[in-house]
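# Any chance you could fold what I've pasted below:
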Amino acid sequence: MSNRSATDTIKGYFYQFDYSIAKILNLPKDSDEIVVEGIEDIDINSSTDETAIQCKYYAKTEYNHSVISKPIRLMLDHFKSVKNGTTPKIKYQLYGHYKSGQSKLTLPISVNFLKENFLTYTSSKIKHEHHTKLGLSDADLQEFISSLKIDINAKEYQLQLTDIISSLSTTFSCDTFDAEYYFYNNALNEIRKIAIEDNISNRKISKRDFIDKINKKKVLFNKWFLELKGLKNYHKELKDQHFRTLNKSPFERFFIIELPIKHNLSEIKEIIQIISKHYSNLSKREPKTFCPYICFPNIKDSDLLLLKDELFKEEFNFIDGKPYSGSKFYTKAIKTEASYSNQLKIKIIKDITEVNELLPSISKTKQVFHFYFKNPLITISDTGIKNVNIQISDLNHIKEII
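Numbers count the residues shown, from 1 in each chain. Alright, predicted model coming up:
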């Protein structure tokens, strides 16, 4: 599959997932539910009725009646089971976006139009009449039409996404960036997880539960999201939002970086050097000099010692909160101010315990930037601290973001 075809396929999945997100956010009551991949792509259960929705995105395809005839026949199969009394009555909806050809369909449709264009077809040179096969009368078909809504003028992909971002901005009282990179990304991840559940009961979620689940301010590394955004653009937008102007203010900045299982000393040293270069100011003319803190929570003691040895040999000045050999960690020691005279370039913290001990003792403006692979390693409960959690898949991505 070509890159363009792959992207089109991914966009089709995204469109359906996005539509699910949009429908959840627009549910009138918090207790109303949707089922992803239920009777149809999306089922909506409200206090008054249930609607099964087939959702498709054909941005490069002209509309023809044959494109939606099979989904309509499948809906009619379900309607037949309703008539037989084996299935509860529901509503049906076809929702799709097409490149062109929408004028071919005039709504509302008649029973004859339904039979001729959607229910009658040829297979292996044999003519089939689906309504006859099911034993449905014209009155039955009229009842089915009354329960069926067809919309082939669905929103274009980007327009639908823009509306979702706007809705999320309103729901969480946030700006567009936070709505997209945090809450939309979380929403997309949540819908994807629900869709692959085997048990249909696990593919059901209420508006209230969905909002609660996506209300997490952390940037997820979502492969499909990145496929559409592009990795370079994704990194650039994160940089512009959180890191572009950081070195202008003398804040106390903490960089907490989870290391992959396989890592090497040179990678870690390079990241330290980049962070120090971008977020330290030791100029003689600067009235308030500063340097950042850095913590690798899962680094081995032996690797941390090797790292410090390398930095010392290279005359890269650092402190670690341990003022003498065999000393325990002292917050007073690690809070030594960086200056032009001491050329202190980085403050190394061993683990999360030390970070949690240190943060409350600092009265200056604090910012925590946490890069992790699967789950965050630290929880910041103090709302006065800027806390940015970013999921990564490769340690080298940090260099592009910061």
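
# list the contacts for residue 133?
Taking CB atoms under 8 Å, 6 or more residues apart in numbering, we find residue 133 in contact with no residue. (C-beta placed from N, C-alpha, C; glycine too.)

# ok, now residue 77?
residue 134.

# Buried residues of the host helix or strand of it, list them for me.
Assessed by DSSP states H and E, residue 77 sits inside helix 65-83. Neighbour-count burial for helix 65-83 flags 67, 68, 69, 71, 72, 73, 74, 75, 76, 79, 80, 83 (criterion: 16 or more other CB atoms under 10 Å).

# How about stretch 306-317?
Residues of stretch 306-317 classed as buried by neighbour count (16+ other CB under 10 Å): 307, 311, 316, 317.

# which stretches of this protein aren't confidently modelled?
Applying pLDDT under 70 to the chain flags the ranges 1-9, 40, 47, 217-228, 245-248.

# Dead centre of it: give me the residue that sits there.
residue 185 (1.5 Å; CA atoms, centre = their mean).

# Next one: it from residue 14, what distance?
12 Å (CB to CB, to the nearest Å).

# okay, now the domains of the chain?
Taking automatic domain parsing as the reference, the chain has its domains at 3-218, 230-401.

# The following helix or strand past the helix holding residue 77 pairs with which strands, and in what direction?
Remark: after helix 65-83, the chain's next helix or strand is strand 91-100, criterion DSSP H and E. Strand 91-100 sits in its sheet next to strand 50-62 (parallel), strand 148-151 (parallel), going by DSSP bridges.

# one step back: can the buried residues of stretch 306-317 go into a markdown table with extra columns for secondary structure and distance to residue 141?
Compiled in a markdown table, the buried residues of stretch 306-317 are given as follows (DSSP: H, G, I helix; E, B strand; the rest coil; distance: CB to CB, whole Å):
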| residue | secondary structure | distance to residue 141 |
| --- | --- | --- |
| 307 | helix | 74 |
| 311 | helix | 78 |
| 316 | coil | 79 |
| 317 | coil | 82 |
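
# Identify, from those residues, the entry nearest to residue 353.
In terms of CB to CB, no member of the buried residues of stretch 306-317 lies closer to residue 353 than residue 307, at 18.8 Å.

# Test my guess that the closest one contacts residue 269.
Yes. Here residue 307 reaches residue 269: they are 7.0 Å apart, a contact under CB atoms under 8 Å.

# Name the residues contacting each of these two.
With the criterion set as CB under 8 Å, 6+ apart, the contacts of residue 307 and residue 269 do not overlap.

# Just the buried residues of the particular helix or strand that has the residue nearest to the centre of the chain in it, please?
Using DSSP H and E, residue 185 falls within helix 185-195. Buried residues in helix 185-195, counting neighbours by 16+ other CB under 10 Å, are found at 185, 186, 187, 188, 189, 190, 191, 192, 194, 195.

# What's the first helix or strand after it?
strand 204-206.

# Can you list the strands that that next one pairs with?
Strand pairing for strand 204-206, using DSSP bridges, gives strand 33-36 (antiparallel).

# Kindly format the C-alpha coordinates of the partner strand as PDB.
Extracted C-alpha coordinates of strand 33-36, given in PDB (Å, rounded to 0.1, in the frame of the first residue of the first chain):
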ATOM      1  CA  GLU A  33     -24.600   6.100  25.900                       C
ATOM      2  CA  ILE A  34     -23.100   5.100  22.700                       C
ATOM      3  CA  VAL A  35     -22.000   1.600  21.600                       C
ATOM      4  CA  VAL A  36     -19.000   1.500  19.300                       C
END
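
# Can you give the distance from the helix or strand following that strand to the centre of its chain?
For strand 33-36, the following helix or strand on the C-terminal side (DSSP H and E) is strand 42-45. Relative to its parent chain, strand 42-45 has a centroid offset of 22 Å by CA atoms, centre = their mean, to the nearest Å.

# How about residues contacting strand 42-45?
Contacts for strand 42-45 (CB under 8 Å, 6+ apart): 16, 19-20, 23, 27, 32-36, 50-53, 55, 90, 204.

# nearest to residue 362, of the buried residues of stretch 306-317?
Each of those was scored against residue 362 by CB to CB, and residue 317 proved nearest at 20.4 Å.

# Show the contacting residues for that closest one.
Per CB under 8 Å, 6+ apart, neighbours of residue 317: 342, 343, 344, 345, 346.

# Recalculate using a threshold of 7 Å.
If you count contacts by CB atoms under 7 Å, 6 or more residues apart in numbering, residue 317 has them with 342, 343, 344, 345.

# Would you reformat the residues you listed as a markdown table and include secondary structure, neighbour count and distance to residue 158?
A markdown table is the format used below for the contacts of residue 317 (DSSP: H, G, I helix; E, B strand; the rest coil; neighbours: other CB atoms under 10 Å; distance: CB to CB, whole Å):
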| residue | secondary structure | neighbour count | distance to residue 158 |
| --- | --- | --- | --- |
| 342 | coil | 14 | 52 |
| 343 | coil | 14 | 50 |
| 344 | coil | 20 | 48 |
| 345 | coil | 21 | 44 |
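
# nearest to residue 199, of those?
Set against residue 199, the nearest of the contacts of residue 317 by CB to CB is residue 345 (54.1 Å).

# ok, which stretches of the stretch 201-350 of the chain are helices?
Applying DSSP state H, counting those that start in this stretch to the stretch 201-350 of the chain gives helices spanning 207-214, 223-229, 231-242, 265-279, 301-313, 331-334.

# Got phi/psi on residue 291?
Dihedral pair for residue 291: phi -150, psi 160, per degrees, to the nearest 10.
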